[in-house]
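Asks: Fold the following and give me the result.
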Amino acid sequence: MLDAELAEIVRNLRDIGADIADAEAKKAQGDLPRSLRETLSAFSNTRGGVIILGLDEEQGFSVTSAQDPAKLAADFGSMCSSEMEHRAAADRDPPL
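Replies: This next block holds a predicted model:
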C-alpha cells in the first residue's frame, strides 16, 4: 500500500468518525488488540479490508505511540499463521 493510499483511508476514517466496512483502526499501543482476530475473520469472510494498527478511534483516529512496532508486526504474523484457520480457495463456499 502506498503512503498516499493510507493517508486517504485515515482521512476518510477521520471525516466519517467511525470505522468503515473495509477499513478498521486499532489502538494497539502495547500488544495486539483482543478484537483483532474477529476483525481478521470478518474481513476474510467478505472482500477483505485494511487494518491500521496505531490509531485510536475513540480519540478521533489520532496516532498512538506503539512501543515496539516490529514486535506488533511479528505478533500479527504469528497470530495469522498459528491462531487462524486457513482454507484453500477451492474449498471456500461460492459467493452468493
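Asks: now stretch 73-83: mean pLDDT?
Replies: Averaging the model's pLDDT scores along stretch 73-83 yields 88.
Asks: should've said stretch 17-26
Replies: With pLDDT averaged residue by residue, stretch 17-26 scores 94.
Asks: what residues does that stretch touch?
Replies: Applying Cβ atoms under 8 Å, 6 or more residues apart in numbering, the set of residues contacting stretch 17-26 from outside is 9-10, 12-13, 32-33, 35-36, 39, 43, 46-57, 60-61. Glycine gets a C-beta too; all of them are placed from N, C-alpha and C.
Asks: Now a ChimeraX select for only the buried ones of these.
Replies: One line in ChimeraX is enough to select the buried ones among the contacts of stretch 17-26; burial here means 16 or more other Cβ atoms under 10 Å:
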select :9,10,13,32,36,43,49,51,52,53,54,55,57,61
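Asks: Which of the contacts of stretch 17-26 fall within helices?
Replies: The helices in this structure, assigned by DSSP state H, contain I9, V10, N12, L13, L36, T39, F43 from the contacts of stretch 17-26.
Asks: Next one, pLDDT for the first one please.
Replies: In this case it means I9. Turning to I9, the model gives it a pLDDT of 95.
Asks: so what's it closest to, chain neighbours aside?
Replies: A23 (5.1 Å; Cβ to Cβ, 6 or more residues apart in numbering).
Asks: What count of nearby residues applies to that neighbour?
Replies: Using other Cβ atoms under 10 Å, the number of residues around A23 comes to 17.
Asks: and it, what are its bridge partners?
Replies: In this structure, A23 has the following beta-bridge partners (DSSP bridges): I20, V50.
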